[in-house]
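>>> build me a model:
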Amino acid sequence: MSATTTPAPTSSGLPRALFTAEEVADAIAVSEAMVRQLTCSGDLPCRRIGRLVRYAQADIDYFIHGRQDHTFR
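The predicted structure follows:
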């Protein structure tokens, strides 16, 4: 999954709407623990379905585009 491309359709033919923390971690090259920490801090928005935590493409894009600081300290 890339944060700039549309997800591939699922076997049902519908586009993928939600992603797991593991999938998000792979997509943005961080650990799953970091994704969960960012979620708990409110920096990475999520969708809750019962006890499940899932991420929409818009949530991932919001997080990525909110990181505009390009300086290295």
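>>> do a quick rundown of the strands in this protein.
Remark: strands assigned in the chain by DSSP state E are 18-19, 47-49, 52-56.
>>> who's Arg47 bridged to?
On the basis of DSSP bridges, Arg47 is bridged to Arg54.
>>> return the most buried member of the strands of the chain.
With neighbours taken as mean count of other CB atoms under 10 Å, those reach their highest mean count in strand 18-19, at a mean of 18. C-betas here are computed from N, CA, C, even on glycine.
>>> quick one: mean pLDDT for that one?
Average pLDDT, strand 18-19: 96.
>>> same question for stretch 38-54.
95.
>>> hmm, who's touching it?
If you take CB atoms under 8 Å, 6 or more residues apart in numbering as the criterion, stretch 38-54 is touched by 18-21, 24, 35, 55-56, 59-60, 62-63, 66.
>>> can I get the strands of the chain in TSV with distance to Ser41?
Output for the strands of the chain, formatted as TSV (distance: least, CB to CB, whole Å):
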stretch	distance to Ser41
strand 18-19	19
strand 47-49	16
strand 52-56	14
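>>> can I get the CA coordinates of stretch 39-53 in PDB?
Taking C-alpha atoms only, stretch 39-53 is exported to PDB below (Å, rounded to 0.1, in the frame of the first residue of the first chain):
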ATOM      1  CA  THR A  39      -2.500   6.400  17.300                       C
ATOM      2  CA  CYS A  40      -2.700   6.700  21.100                       C
ATOM      3  CA  SER A  41      -1.100  10.200  21.000                       C
ATOM      4  CA  GLY A  42      -3.700  11.300  18.500                       C
ATOM      5  CA  ASP A  43      -1.100  12.100  15.800                       C
ATOM      6  CA  LEU A  44      -2.400   9.300  13.500                       C
ATOM      7  CA  PRO A  45      -6.200   9.300  13.200                       C
ATOM      8  CA  CYS A  46      -8.000   5.900  13.100                       C
ATOM      9  CA  ARG A  47     -11.400   4.300  12.800                       C
ATOM     10  CA  ARG A  48     -12.700   2.000  15.600                       C
ATOM     11  CA  ILE A  49     -15.000  -0.800  14.800                       C
ATOM     12  CA  GLY A  50     -15.900  -2.400  18.100                       C
ATOM     13  CA  ARG A  51     -12.500  -3.400  19.500                       C
ATOM     14  CA  LEU A  52     -10.700  -3.200  16.100                       C
ATOM     15  CA  VAL A  53      -8.600  -0.300  15.100                       C
END
